[in-house]
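Engineer: Okay, predicted coordinates and the sequence, questions at the end:
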Amino acid sequence: MQWLTIYKKEMLEYWRNFSWVWVPVVFILLAIMDPLTTYYMPIILDKVGGLPDGAVIELPQMAATDVLMMSLSEFSSIGVIIIVAITMGIIAGERKSGVVELVLVKPVRYANYISSKWAAKLTLILVSYTIALLTSWYYVSILFEEIALLAFVQTLSFYALWLILVVTITIFYNTLLKTPGLVGALSVGTIIGMTAINAIFSHKLTWFPNNLSSYIRQLLHTGEIPTALWGTSFVTISLIVALLFLSFYTFQKKELA
Amino acid sequence: MDLIQLLAPIIILELILAIVGVIAWFKTENTNGPRWLWLLIIIFITILGPILFFIIGRRQ
Amino acid sequence: MFNIHNLTKKFDGTAVVKDVSFSLSPGNCVALLGANGAGKTTTLRMLSGLLKPTSGKIEFEGMRPGADIREHIGYLPQYPIFHNWMTGKEFLVYVGQLANLTKANAKEQADYYLERVGILEAKNQRIGKYSGGMKQRLGIAQAMIHRPQMIMLDEPVSSLDPIGRREVLTLMEELKQQTTILFSTHILSDAEEISDSLLLMHQGEIVESGSLVELRDKHQSAKINIAFKGLNEEFIPNLEAISDVSDVIIDKNELICIVKDLEKARQSILAQANTENWPLTKFEVSQTSLEELFMKVVQN
């Protein structure tokens, strides 16, 4: 009941501050930019001109699965930054402004407060992301070749884990610090750090969350779920759950002054 | 297919973003920094302008 | 019903609240009086559960063990911050539901208190458009929404203009009938006006407490203010010679005689003034006030 109250209030806020419009729109732009520009590259080059008459433009034909992966990689870079930016103030902002005082003097369970906000933000992000990836899938299918529904759904679901992890990391820093900007910087820093760790130890850390993308690429190529993807998903989910519980704990320990 | 087909969906989405940005701008009384500057940013910097306004332009 | 035992709060090793103990009984209106920085806000924030005491105990009689104390209290911070994008009513329903009211009940209570605090006509306006006084009243409504047994108000009137101040004080006077009120203030007259008893706080400690009547009895003594045409000082020896005058203090334009027995002192002074034909320009009987007690405590 209390959980749902906070969840609904967050949803209302996303309507009032236009998040439900701009986040899906921006995500769709992110997702369709690459399929469209890749397909139309020859025409763009032609229009831009500068090539001598009779020159034949030969561009390697991209595989449909590679184009879909390009959409995902936009999410891994710009998408992550946007997700962190819209999540960095979710608790820190309320603490900084002081609204949190009026909320937490009511008998609100800290775990409810955090998990409902976490779930609300995930709803916004995952719905937007799903719409965006569906659009990308549609364009890839008409401009390149069809990707099987099953493979698409698997891609969508496994990659969602990465986005959930990003949100959870940002929520965790929210419970630790009061300044949204700092929360954002640390969250992005952590994700970059994880990428670096993964690059250095890539042979040993086969189940590291950052490997999700490369296993998804394999999945799209072979049509089968690589065993390592299950392991990586398991590690990612465990990390999400652990971080969430750690967030409850740090928030409880923290003075809310 | 022609270039216009490439641009059509992107232009439509950009327009939605800009229009919603302007509506949000109208409803926002307190902006971080000069209010009129944000209007220019929303209208003239495509895609990035409205995003910036939505993320850092508005105060509580 | 509310017992506070040896409450202490340290920030980085420095005690801001030291060993504070007191009890509140139901239906009381208690003022926590003290200068800025005396530790009033820290005390209230500990009682409301926003801060954790370094040591000490807060007990609420009749509470199930392990139950959440926040169910029984309402709290209004000195500068309440709301979600400005919500309407006044939406906010009240929201926090009402957070306090485990059903939605229907929360709506009912919200309307009741919006009317009670006098902002019913603004219930569907965004809080961002509210004035300071309206926000303060909304703040009182949110503290009351779940009908707590006690509400704590941190400097409820100090940021308001004289009219807003009057309105909020009147409102508190009414709410006294319904719930226990503990409010902090740095202004003695506000405390005297609506509270039944006082907790005087200085440098993190409760230095004096009791009902207003008790404190007045304890700290008030009669005094007679006298002024003469010419030099007041010349008459000090004469006054000191009168047996019922225990002390003579030189004030700006007058002499203050602290007296043991007001009746006797008045008669003796007037009789002497009559026989010796003193050029009296002022003769005033009054009492030392709590203000002087407050000043004495704060200055030490």
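Structural biologist: Sure thing, it's come through.

Engineer: Could you report the neighbour count for residue 1?
Structural biologist: All of this is about chain A. Neighbour count of A:Met1, defined by other Cβ atoms under 10 Å in any protein chain shown: 11. Heads up, the C-betas are built off the backbone N, CA and C, glycines and all.

Engineer: you looked at the wrong chain, it should be chain C
Structural biologist: If you count neighbours by other Cβ under 10 Å, C:Met1 ends up with 17.

Engineer: could you measure the closest residue to it other than its chain neighbours against C:Ser197, distance?
Structural biologist: Of all residues not flanking C:Met1 in the chain, C:Glu61 sits nearest, at 4.5 Å (Cβ to Cβ, 6 or more residues apart in numbering or on different chains). Counting by Cβ to Cβ, to the nearest Å, the gap from C:Glu61 to C:Ser197 is 18 Å.

Engineer: try A:Leu124
Structural biologist: In terms of Cβ to Cβ, A:Leu124 sits 51 Å off from C:Ser197.

Engineer: And the strands in chain B, which stretches?
Structural biologist: In chain B, no strands are found when defined by DSSP state E.

Engineer: Check what pLDDT C:Asp244 gets.
Structural biologist: For C:Asp244, the pLDDT comes out at 82.

Engineer: shouldn't it be in contact with C:Leu270?
Structural biologist: No. Counting by Cβ atoms under 8 Å, no contact exists between C:Asp244 and C:Leu270, whose distance comes to 11.9 Å.

Engineer: between C:Glu61 and C:Ser197, which one's more packed in?
Structural biologist: C:Ser197 (19 against 11).

Engineer: Contact residues of chain C facing chain B?
Structural biologist: Counting by Cβ under 8 Å from any Cβ of the partner chain, chain C comes close to chain B at C:Asn84, C:Gly128.

Engineer: quick one: the strands in chain C?
Structural biologist: Under DSSP E, chain C gives strands at C:2-11, C:14-24, C:29-33, C:55-60, C:73-76, C:150-154, C:180-185, C:197-202, C:205-211, C:222-228, C:245-250, C:255-259, C:280-287.

Engineer: got the ones you listed as JSON lines, with distance to C:Ser48 columns?
Structural biologist: Shown next, in JSON lines, are the strands of chain C (distance: least, Cβ to Cβ, whole Å):
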{"stretch": "strand C:2-11", "distance to C:Ser48": "12"}
{"stretch": "strand C:14-24", "distance to C:Ser48": "14"}
{"stretch": "strand C:29-33", "distance to C:Ser48": "13"}
{"stretch": "strand C:55-60", "distance to C:Ser48": "10"}
{"stretch": "strand C:73-76", "distance to C:Ser48": "4"}
{"stretch": "strand C:150-154", "distance to C:Ser48": "6"}
{"stretch": "strand C:180-185", "distance to C:Ser48": "10"}
{"stretch": "strand C:197-202", "distance to C:Ser48": "16"}
{"stretch": "strand C:205-211", "distance to C:Ser48": "18"}
{"stretch": "strand C:222-228", "distance to C:Ser48": "41"}
{"stretch": "strand C:245-250", "distance to C:Ser48": "43"}
{"stretch": "strand C:255-259", "distance to C:Ser48": "42"}
{"stretch": "strand C:280-287", "distance to C:Ser48": "37"}
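
Engineer: Looking at these, spot the one closest to A:Pro35.
Structural biologist: strand C:73-76 (54.2 Å; Cβ to Cβ).

Engineer: Could you list the paired strands of that closest one along with their orientation?
Structural biologist: In the sheet containing strand C:73-76, its partner strands are strand C:150-154 (parallel), by DSSP bridges.

Engineer: For C:Met144, grab the count of nearby residues.
Structural biologist: Residues near C:Met144, counting by other Cβ under 10 Å, number 21.

Engineer: From chain A, how far out is whichever residue of chain C sits closest to chain B?
Structural biologist: Residue of chain C nearest chain B, by Cβ to the nearest Cβ: C:Asn84 (6.1 Å). Per Cβ to the nearest Cβ, to the nearest Å, C:Asn84 is found 9 Å from chain A.

Engineer: Give me the pLDDT value at that residue.
Structural biologist: Note on C:Asn84: pLDDT of 93.

Engineer: Skip the chain neighbours and tell me the closest residue to the residue of the stretch 101-250 of chain C found nearest chain A.
Structural biologist: Per Cβ to the nearest Cβ, C:Gln142 is where the stretch 101-250 of chain C lies closest to chain A, at 6.1 Å. Leaving out its chain neighbours, the residue that sits closest to C:Gln142 by Cβ to Cβ, 6+ apart is C:Val95, at 5.1 Å.

Engineer: where does that neighbour sit relative to A:Leu150, distance-wise?
Structural biologist: Counting by Cβ to Cβ, the gap from C:Val95 to A:Leu150 is 47 Å.

Engineer: For the two, work out which one has more neighbours and name it.
Structural biologist: Set side by side, C:Val95 and A:Leu150 give different neighbour counts by other Cβ under 10 Å, the larger being at C:Val95 (26 against 9).

Engineer: Just to confirm, what confidence does the model report for that one?
Structural biologist: So C:Val95 comes in at 97 (pLDDT).

Engineer: So it is in contact with A:Lys106, correct?
Structural biologist: Yes. Using Cβ under 8 Å as the test, C:Val95 is close enough to A:Lys106 to be in contact (5.5 Å).

Engineer: Quick one: neighbours of the residue in the stretch 1-150 of chain A that chain B sits nearest to, just the number.
Structural biologist: Proximity to chain B, evaluated over the stretch 1-150 of chain A using Cβ to the nearest Cβ, is greatest for A:Tyr40 at 4.3 Å. Residues near A:Tyr40, counting by other Cβ under 10 Å, number 19.

Engineer: And C:Gly133, by the same measure?
Structural biologist: Neighbours around C:Gly133, by other Cβ under 10 Å: 19.

Engineer: how about it, what does it touch?
Structural biologist: C:Gly133 is in contact with C:Leu160, C:Asp161, C:Ile163, C:Gly164, C:Glu167, C:Val168, counting by Cβ atoms under 8 Å, 6 or more residues apart in numbering or on different chains.

Engineer: mind giving me JSON lines with the residues you listed and columns for pLDDT, distance to A:Ala196 and neighbour count?
Structural biologist: Shown next, in JSON lines, are the contacts of C:Gly133 (pLDDT from 0 to 100; distance: Cβ to Cβ, whole Å; neighbours: other Cβ atoms under 10 Å in any protein chain shown):
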{"residue": "C:Leu160", "pLDDT": "85", "distance to A:Ala196": "55", "neighbour count": "19"}
{"residue": "C:Asp161", "pLDDT": "86", "distance to A:Ala196": "57", "neighbour count": "12"}
{"residue": "C:Ile163", "pLDDT": "86", "distance to A:Ala196": "62", "neighbour count": "9"}
{"residue": "C:Gly164", "pLDDT": "83", "distance to A:Ala196": "57", "neighbour count": "17"}
{"residue": "C:Glu167", "pLDDT": "86", "distance to A:Ala196": "60", "neighbour count": "18"}
{"residue": "C:Val168", "pLDDT": "88", "distance to A:Ala196": "57", "neighbour count": "21"}
